[in-house]
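Q: Below are the sequence and a predicted model for it; my questions follow.
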Amino acid sequence: MEDIPQSSTLCVPRPSKAKDPHAAVVATAPFSAQIPSNFVLIKIDRFGFSANNVTYQALGEHPHFRYFDFHPAPDVPGVSSPSIHGVIPVWGFGTIARSSHPKIHEGERVYGYFATSQYILVPVSPNDVNKHSFYVPRPHLPPDRRPYNQIIRCASDPQYNPTPIAEDLAMLYRPLFWTSFWCEDWIATSDYRGHANRVLVTSASSKTAFCLAYLMRKRHGDNIRIVGLTSMGNLGFTKGLELYHDVLDYDTFASADALQAKEDNRWIYVDVAGNEELTQRILARWSSQHTGQLAAWISLGATNLSPSQGAASLDWKANTSLETPTSSTPSGANNTPVLSHPQCEHFFMPEWLDVRKRQLSLAEIFTRQNQAWKELMVDCEGWVNIKRTYGAEEVKDAYLTVARGGLGPDAGLIWSMWDKGKDLMSKL
């Protein structure tokens, strides 16, 4: 049995408790030689980190999301405390180091929603273990968080490829891609809100956004025109992906030909940036009946959100239209459009997946996902550069760089709290 005297964890201050929410610390805590019944100790080998994880941190204390409630910060006097610090959830690969559950064995390779740590000790639902996965019971969280509680057993996972580069791609794309995949599925169940023929996507350089564009073009080809908005600095990268029909920058998009809409155009606006000022500028484009119809306004993310922006006050409402999503501009007398915007619809993947599990068999869901993942692994070659960082202090420094300076769209960050060689760069 492996000797496990202690574990190091990257902790961040809770936004409600600190002047600088990015003042990360590395807390090292000892482990007991014995673990309780029906627990597993997972050695976290490495994990992906992206703008999505910064959003997790920003929403860590938000009453709807509660991302800090998945993995408590260790209580290390003078360094970290669960009441003052949080742990950012990350998607990663690990190995079962110890198990007190009879159906889970040491040495198993697993993938799940882990912590920025060397080890995590988690309980296992005694009767919720199968050959594909097992689940961490978190009764303090809503039932629709179940996808986050699943730990996948790689030996029985049809999407798993044991090569290091395939694992890296899984950590980078798997969590974001499924958000995009099920969002596109949700939009498709309403026939793209009554056969919309235009889609406008903000934060177009983010993985969530460009995976959505990728999936929309997979389904519709050039029958729907997809327009991406991004910053001037990310314009070249986003155009180079060749996933959007048009890519515009935030400063000049209003005058671009791609948005000089015809009256018969029907638009879906997908807000991935979460920037209210930008959204108001975009909605102003549909202030006239001569600029086409805004059929739906969908909030898919908040890539512009940071822990210092008061995320706890974010106005999030559970989407009540998930069962039968429809949205259109209301009409007045003689079907004359009333110049108002549809209500913003917030897409949250676990909520929609819960609906689809009642509409589709699990076999059908798995078939669709496996086919989509197989195609993505072929098509995503060359989209990003992978940069690997090893060591607890090195990961802390890398986190500070991302949190305070942002993340380039072409970067795919793979981090490990373990000392294991030097940083490497490879082109996919």
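A: Perfect, I can see it now.
Q: Give the bridge partners for Val201, please.
A: Gly228, Val270 (DSSP bridges).
Q: Can you give me the neighbour number for it?
A: Counted by other C-beta atoms under 10 Å, the residues lying close to Val201 total 28. All C-beta spots, glycine's among them, are computed from the backbone N, C-alpha and C.
Q: gap between it and Pro164?
A: 32 Å (C-beta to C-beta, to the nearest Å).
Q: and what of Ser8?
A: Counting by C-beta to C-beta, the gap from Ser8 to Pro164 is 22 Å.
Q: higher neighbour count, the two?
A: Ser8 (21 against 14).
Q: What residues of the helix or strand that contains the more buried one count as buried?
A: Secondary structure from DSSP states H and E places Ser8 in strand 6-13. Applying a neighbour-count criterion of 16 or more other C-beta atoms under 10 Å, one finds 7-13 buried in strand 6-13.
Q: gap between it and the chain center?
A: How far strand 6-13 lies from its chain's middle: 22 Å, per C-alpha atoms, centre = their mean, to the nearest Å.
Q: by how many degrees do the helix or strand following it and strand 6-13 diverge?
A: Per DSSP H and E, the first helix or strand lying C-terminal to strand 6-13 is strand 25-30. Orientation check (axes from the mean of the first three to the mean of the last three C-alpha atoms, to 10 degrees): strand 25-30 against strand 6-13 gives 150 degrees.
Q: Which secondary structure elements does the helix or strand containing Phe177 sit against?
A: Element membership for Phe177 (DSSP H and E) is helix 164-188. On a contact count with 3 or more C-beta pairs under 8 Å, 6 or more residues apart in numbering; DSSP states H and E, helix 164-188 meets strand 39-49, strand 89-99, helix 207-220, strand 293-299, helix 349-359, helix 362-379, strand 385-390, strand 411-416.
Q: what is the rounded mean pLDDT of it?
A: Regarding helix 164-188, the rounded mean pLDDT is 94.
Q: List the buried residues in that helix.
A: Buried residues in helix 164-188 (16+ other C-beta under 10 Å): 167-187.
Q: could I have the helix or strand just after that helix exported to PDB, CA atoms only?
A: Moving toward the C-terminus from helix 164-188, the next helix or strand (DSSP H and E) is helix 191-195. Taking C-alpha atoms only, helix 191-195 is exported to PDB below (Å, rounded to 0.1, in the frame of the first residue of the first chain):
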ATOM      1  CA  ASP A 191     -36.500  23.700 -34.300                       C
ATOM      2  CA  TYR A 192     -34.000  26.500 -33.500                       C
ATOM      3  CA  ARG A 193     -36.800  28.600 -32.100                       C
ATOM      4  CA  GLY A 194     -39.000  28.400 -35.100                       C
ATOM      5  CA  HIS A 195     -36.400  28.000 -37.800                       C
END
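Q: Residue numbering should commence at 132 henceforth.
A: Shifting the count to begin at 132 puts that one at helix 322-326.
Q: Rounded mean pLDDT for helix 322-326, please.
A: 94.
Q: and what of stretch 237-247?
A: The average pLDDT within stretch 237-247 is 97.
Q: May I have that stretch as CSV, with CA atoms only?
A: Extracted C-alpha coordinates of stretch 237-247, given in CSV (Å, rounded to 0.1, in the frame of the first residue of the first chain):
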residue,chain,number,x,y,z
GLU,A,237,-6.9,0.2,-5.7
GLY,A,238,-5.1,1.1,-8.9
GLU,A,239,-8.3,1.9,-10.9
ARG,A,240,-8.1,4.8,-13.3
VAL,A,241,-10.9,7.3,-12.9
TYR,A,242,-12.1,10.6,-14.3
GLY,A,243,-14.3,13.1,-12.4
TYR,A,244,-15.0,16.5,-10.9
PHE,A,245,-12.0,16.8,-8.6
ALA,A,246,-10.2,19.4,-6.5
THR,A,247,-7.0,21.3,-7.2
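Q: Alright, calling it a day.
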